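*Asks:* Provided below for reference: sequence and predicted model.
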Amino acid sequence: MINSSLELSINTLINYTLKMIDKCEEILEDSMKCMINKDIKNARLIADKDDEIDTLRDYIRDRSIELMALKQPMAKDLRFIYSLGSISIELERIGDYAVNIADEVIKIGSEEYIKELVDIPKMKDVCIDMLEDIKNALKNRDAELAYKVALKDDVVDDLYECVQVHTLKVMHEKEMNIDQGVRIVFVGRYLERIGDHTTNICEKIIYALKGNMVEIG
């Protein structure tokens with residue numbers, strides 16, 4: 001017999017998780033706009049937006065624990081509830097990295113960039129695509145899509161390597177480029193970590209749906 005109350009609770013958790021993904025996309029887009037436009041004023045406001053993500057994380061985590069304790073779900077339901085709680089933690093870290101990007105923007109300030117921002121916006125675009133796709137994978141309970149999304153992290157990794165190589169080259173040309181160059185590499189690293197956390201989410205979606213613990217990449 002289907003526990004309609006439990007199913008409704010799980011669907012509510014999924015909806016809150018989808019909302020959390022939306023917030024992560026929004027904060028990442030905003031932090032990168034601040035970087036591209038040197039918008040220091042709005043970069044200082046990014047941390048406030050992360051508070052909304054933290055609030056959603058707290059709700060999903062607490063509700064997940066409550067459901068496991070009170071409803072005593074079995075098999076797939078248990079995996080799904082556990083996975084949603086874990087996914088909320090991954091999404092919270094993505095929000096933190098978006099704040100870290102904004103912090104680097106503030107530290108760079110109004111300085112002209114030592115190199116054109118080419119690969120970093122591309123990294124952001126791939127990360128946004130991955131977040132959008134995991135939303136669809138979760139909404140449609142599509143394990144195959146989740147696996148395909150995780151493979152996109154290789155593109156993020158390759159772009160990060162380009163950021164490192166090109167930025168280090170400019171840093172070696174002039175000593176005065178070193179401080180900003182380090183910050184640009186940091187931004188690349190934060191985006192690379194966002195790709196990693198999104199991959200972790202894909203693995204958790206697959207586990208929730210299939211019961212298989214997979215490590216992709």
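*Replies:* Thanks, I have it.
*Asks:* in what helix or strand does Ile216 lie?
*Replies:* When elements are defined using DSSP states H and E, Ile216 is found to belong to no helix and no strand.
*Asks:* That one and Met35, how far apart?
*Replies:* As judged by Cβ to Cβ, to the nearest Å, Ile216 and Met35 stand 29 Å apart. Any C-beta I mention is one placed from the backbone N, CA and C, and that applies to glycine too.
*Asks:* These two: who's more crowded?
*Replies:* A side-by-side neighbour count of Ile216 and Met35, using other Cβ atoms under 10 Å, places Met35 first with 22 against 16.
*Asks:* pLDDT value on that one, please?
*Replies:* Taken from the predicted model, the pLDDT recorded for Met35 is 97.
*Asks:* so it touches Ala98, yeah?
*Replies:* No - between Met35 and Ala98 there is no contact under Cβ atoms under 8 Å: 10.7 Å.
*Asks:* And the helices in the chain, which stretches?
*Replies:* For the chain, helices defined by DSSP state H occupy the ranges 4-37, 40-43, 46-70, 75-108, 119-139, 143-151, 153-173, 178-210.
*Asks:* show me what contacts the most centrally placed residue in the chain?
*Replies:* Nearest to the mean C-alpha position of the chain, counting by Cα atoms, centre = their mean, stands Ile94 at 3.6 Å. Contact criterion Cβ atoms under 8 Å, 6 or more residues apart in numbering gives 24, 28, 131, 194, 197-198 as the residues in contact with Ile94.
*Asks:* Which residue, other than its chain neighbours, is closest to it?
*Replies:* The shortest distance from Ile94 to any residue other than its chain neighbours is 4.7 Å, reached at Cys24 (Cβ to Cβ, 6 or more residues apart in numbering).
*Asks:* Could you count how many residues lie near that neighbour?
*Replies:* 30.
*Asks:* In contact with Met35, which residues?
*Replies:* When the contact criterion is Cβ under 8 Å, 6+ apart, the partners of Met35 are 43, 101-102, 104-105, 117, 120, 187.
*Asks:* Now with 7 Å, please.
*Replies:* By Cβ atoms under 7 Å, 6 or more residues apart in numbering, the residues touching Met35 are 101, 105, 187.
*Asks:* where's the first one relative to Asn42, distance?
*Replies:* Distance of Ile101 to Asn42, computed by Cβ to Cβ: 12 Å.
*Asks:* Those two: which is more packed in?
*Replies:* Summary of the neighbour comparison: Ile101 and Asn42, criterion other Cβ under 10 Å, with Ile101 having more neighbours (27 against 14).
*Asks:* quick one: the more buried one and Thr199, what's the gap?
*Replies:* Ile101 sits 19 Å away from Thr199 when distances are taken as Cβ to Cβ.
*Asks:* now swap in Ser110 and tell me
*Replies:* Ser110 is 35 Å from Thr199, where distance means Cβ to Cβ.
*Asks:* Tell me which of those two has more neighbours.
*Replies:* A side-by-side neighbour count of Ser110 and Thr199, using other Cβ under 10 Å, places Thr199 first with 24 against 6.
*Asks:* Need the pLDDT of the more buried one.
*Replies:* pLDDT, Thr199: 97.
*Asks:* cool, Ile101 as well?
*Replies:* In this model, Ile101 is scored at 98, pLDDT.
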